[in-house]
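Enquirer: Fold the following, please.
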Amino acid sequence: MSGSRLAPQGKALFLDRDGTLIVDKHYLSDPAGVELLPTVRDALLAARAKGYTLFLFSNQSGIGRGYYTLADAEAVNARMEALLALPPPLFADVCLATEAPDQPMVYRKPSPRFILEMIERHGLAKHHCWMIGDRETDIEAGLAAGIRVAGLTNGKLTAEAWAQFKLPPFPLHGTLAELVAALP
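Expert: A predicted model of the protein is given here:
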């Protein structure tokens with residue numbers, strides 16, 4: 001086996017936060033405002049049972065715009081995790097992309113940088129990884145990373161609204177639980 005390396009085997013879900021795990025309340029900075037979307041807890045349990053490692057990948061331009069702080073966003077995440085009441089660690093890693101739209105894009109979706117870094121760091125197999133979200137930038141980030149993508153219609157976009165984007169076909173589901181149930 002000189003110089004050979006086993007192919008990556010790990011599988012993962014890269015999950016958007018607002019509109020995917022919690023109700024999108026536009027620049028949420030107060031942990032008291034966190035409201036889980038229906039079926040999310042069961043969906044995350046099912047994903048773990050299927051062997052998926054979970055990653056949180058959320059654009060938080062409110063930080064870059066000066067509307068709230070990184071500590072505020074982390075407090076919102078902590079409240080979300082407390083409401084989910086799942087065994088820690090819930091997420092193998094978290095990316096809060098703090099850039100505002102007018103700032104240089106590093107991690108802000110549709111950048112695939114966080115996904116690519118996690119695939120390398122955790123030995124994940126791209127063909128076993130999914131980016132899941134409720135906005136076109138979520139899907140664009142996954143496509144740019146070369147992983148599978150799936151969208152939700154429980155956020156801002158209906159199936160008809162998703163159709164307006166020039167994206168390759170991808171699965172759409174009404175809830176995260178429906179989406180996870182359809183995963184291999």
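Enquirer: what about stretch 34-52, how long is it end to end?
Expert: End-to-end distance for stretch 34-52: 24 Å, by CA to CA, to the nearest Å.
Enquirer: after the host helix or strand of Ala43, next one along is what?
Expert: Using DSSP states H and E, Ala43 sits in helix 40-49. Note on helix 40-49: by DSSP H and E, the next helix or strand toward the C-terminus is strand 52-59.
Enquirer: Who does that next one pair with, and is each partner parallel or antiparallel?
Expert: strand 10-15 (parallel), strand 93-97 (parallel) (DSSP bridges).
Enquirer: wait, which of these is closest to Ala161?
Expert: strand 10-15 (20.4 Å; CB to CB). All C-beta spots, glycine's among them, are computed from the backbone N, C-alpha and C.
Enquirer: Would you mind listing the outside residues contacting the closest one?
Expert: Residues from elsewhere that reach strand 10-15 (CB atoms under 8 Å, 6 or more residues apart in numbering): 21, 47, 51-57, 92, 114-115, 118-119, 122-125, 128-133, 141-142, 147, 180.
Enquirer: quick one: low-confidence parts of the protein?
Expert: For the chain, residues meeting the criterion pLDDT under 70 lie at 1-8, 155.
Enquirer: can you map out the helices along it?
Expert: Assigned by DSSP state H, the helices in the chain fall at 40-49, 61-64, 70-84, 113-122, 136-145, 159-162, 176-182.
Enquirer: Now tabulate these in CSV and tack on mean neighbour count and distance to Ala12.
Expert: CSV is the format used below for these (neighbours: other CB atoms under 10 Å; distance: least, CB to CB, whole Å):
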stretch, mean neighbour count, distance to Ala12
helix 40-49, 18, 9
helix 61-64, 18, 24
helix 70-84, 17, 18
helix 113-122, 18, 7
helix 136-145, 22, 11
helix 159-162, 12, 23
helix 176-182, 20, 13
